[in-house]
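Colleague: Next comes the sequence, and after it the predicted model I'd like to discuss.
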Amino acid sequence: MRAARLHAYTEEMSEALSIDDVPRPTADGPDDVVVEVQGAGWCQTDNHVVEGMWTDYVPQELPLTLGHENAGRVVAVGENVETVAEGQPVICHPVRTCGVCRPCRQGEDMYCENVAFPGLTHDGGFADSLLTNERAVIPLPDGVDPTDIAPHADAGITAYHAVKKATAELNPGDTAVVIGVGGLGHIGIQCLDAMSAADIVALDLKPSARDLAANLGARHTFDPATDDVPAEIEALTDGTGAAQVLDFVGADETTALGPDIAAPGADHHVVGYGGHVHQPSQTLVDGEFGYRGTLVGHYTELQELVALVDRGDVDLHTTRYDLAEINTVAEKLEHGEIDGRAVITP
Ligand SMILES: [Zn+2]
Ligand SMILES: [Zn+2]
């Protein structure tokens, strides 16, 4: 089968992956599930993997098939698999978990002590077929298209996970600030709109992204390059500040903004990454301000997100690309030329 594989870390996205012919995976293990990939979202994390940014965080052996936002149709199952059968459309939670370690029993899929992460530690979904397991697959309701929903497997669940933490702290009348209305941010705004009665303020440098934010439920949008964002937030909140900040960019400039716009007790959820957090410790003490990281989300949260998609509450803006165009997609995302989400259709 065809698979888009990383052979060497590089900054040059035009030659990031090569299309290889590799053996098709088989469901040899009792819990194995093989999925024919119908959609695999390209993610900023894929650019980071290509650049070698993940080597300090996870074990990685090259060549590696990338692709961790996968959905498709089950084509083979191991002997113990009972919840899905051949032909079932599914979305794949991005990690294969063991189910028996303590974090798994607590529902903390991402902390599993025996985790495998297709696309980061094992072969992923930029290929005709993907090997995953029964604990990772979520059957899709009728009418939900696997290709359209694929990016929710990581982009969606990650945005949802951050929003769920934020909405637990948001009351009607509060203000939530969303920084970055790209692939994740535009999902985050819709989840916030569906799950809270907070006023949503969206920040983005691009006019098209601010328009999208307004259409999806943001009450106010600002351009951080030209608007005085702290003054605007202060005016909108009568001097209180934002109760929750969701940072889908994670650059030095955006993490620095949090303390200037946050209300006492606020959290700054760091979802995007690549920059640094530079703050005096007193910033976190005054007003009990907190930075909180976001790593994907729970299996059950992906089920909840599928329910929101099925209700029509979360709409994903996607563009489809052939597997052969994958390096073009990598380049386009690197240059910020993709609105919404690119989906590879092997
Ligand atoms: Zn991703
Ligand atoms: Zn586990």
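Modeller: On my side now, so go ahead. Numbers count the residues shown, from 1 in each chain. Ligands and ions are numbered 1, 2, ... in the order given.

Colleague: residues near whichever residue of the chain sits closest to ligand 1, how many?
Modeller: Of all residues in the chain, Cys43 sits closest to ligand 1, at 2.8 Å by CB to the ion. Just so you know, the C-beta spots here come from the backbone N, C-alpha and C atoms, and that holds for glycine as well. Neighbour count of Cys43, defined by other CB atoms under 10 Å: 25.

Colleague: got a list of what it touches?
Modeller: The contact partners of Cys43, taken as CB atoms under 8 Å, 6 or more residues apart in numbering, are His68, Glu69, Pro151, Asp154, Ala155, Gly183.

Colleague: Please repeat the previous calculation with a cut-off of 6 Å.
Modeller: Glu69, Asp154 (CB atoms under 6 Å, 6 or more residues apart in numbering).

Colleague: In terms of pLDDT, where does Gly182 sit?
Modeller: Gly182 carries a pLDDT score of 88 in this model.

Colleague: What distance do you get for it to ligand 2?
Modeller: According to CB to the ion, to the nearest Å, Gly182 stands 31 Å off from ligand 2.

Colleague: what's the neighbour count on that residue?
Modeller: With other CB under 10 Å as criterion, Gly182 counts 23.

Colleague: In the chain, which strand is the longest?
Modeller: Longest strand in the chain by number of residues, with DSSP state E as the criterion: strand 32-42.

Colleague: Sheet-wise, list the partners of it with their directions.
Modeller: The strands that strand 32-42 pairs with in its sheet are strand 70-77 (antiparallel), strand 129-133 (antiparallel), strand 341-345 (antiparallel) (by DSSP bridges).

Colleague: Just say which of the ones you listed is most tucked in.
Modeller: strand 129-133 (a mean of 25; mean count of other CB atoms under 10 Å).

Colleague: could you check whether it is close to ligand 2?
Modeller: No - residues of strand 129-133 contacting ligand 2 under CB under 5 Å from the ion: none, with a closest distance of 11.2 Å.

Colleague: contacts for the helix or strand that comes right after that strand?
Modeller: Next helix or strand after strand 129-133 toward the C-terminus (DSSP states H and E): strand 137-139. Residues outside strand 137-139 that contact it (CB under 6 Å, 6+ apart) are Val33, Val84, Gln88, Val90, Ile91, Cys92, Leu302, Gln303.

Colleague: Recalculate using a threshold of 8 Å.
Modeller: 33, 35, 74, 83-84, 88-93, 299, 302-303, 306.

Colleague: Looking at those, which are in helices?
Modeller: Among those, the ones falling in helices (DSSP state H) are Tyr299, Leu302, Gln303, Val306.

Colleague: so which of the residues you listed would you say is closest to ligand 2?
Modeller: Once CB to the ion is applied, the member of the ones in helices among the contacts of strand 137-139 that ends up nearest ligand 2 is Tyr299, at 11.4 Å.

Colleague: ok, the closest one - contacts?
Modeller: His93, Thr97, Gly107, Asp109, Arg135, Ala136, Ile138.

Colleague: The third one: which element?
Modeller: Assigned by DSSP H and E, Gly107 falls within no helix or strand.

Colleague: Show me what from the protein comes close to ligand 1.
Modeller: Cys43, Thr45, Asp154.

Colleague: and which of the residues you listed is nearest to ligand 2?
Modeller: For the residues of the chain next to ligand 1, the closest approach to ligand 2 (CB to the ion) belongs to Asp154, at 18.7 Å.

Colleague: Most neighbours of all the ones in helices among the contacts of strand 137-139, which one?
Modeller: Leu302 leads the ones in helices among the contacts of strand 137-139 on contacts (other CB under 10 Å) with 25 neighbours.

Colleague: for that one, what are its contacts?
Modeller: Contacts of Leu302 by CB under 8 Å, 6+ apart are Ile91, His93, Ile138, His152, Ala153, Gly156, Ile157, Tyr160.

Colleague: Check Leu295 too.
Modeller: By CB under 8 Å, 6+ apart, the contact set of Leu295 is Met110, Thr158, His161.

Colleague: Secondary structure class of it, three-state.
Modeller: Three-state call for Leu295 (DSSP: H, G, I helix; E, B strand; the rest coil): coil.

Colleague: and it, how far is that from Ser18?
Modeller: 29 Å (CB to CB, to the nearest Å).

Colleague: Name the nearest residue to Pro63, sequence neighbours excluded.
Modeller: Residue nearest to Pro63 in three dimensions, not counting chain neighbours: Arg5, with 4.3 Å by CB to CB, 6 or more residues apart in numbering.

Colleague: Tell me the first helix or strand C-terminal of the helix or strand containing the one you found.
Modeller: Using DSSP H and E, Arg5 maps to strand 2-6. Using DSSP H and E, the helix or strand that follows strand 2-6 in sequence is strand 18-21.

Colleague: That'll do, ta.
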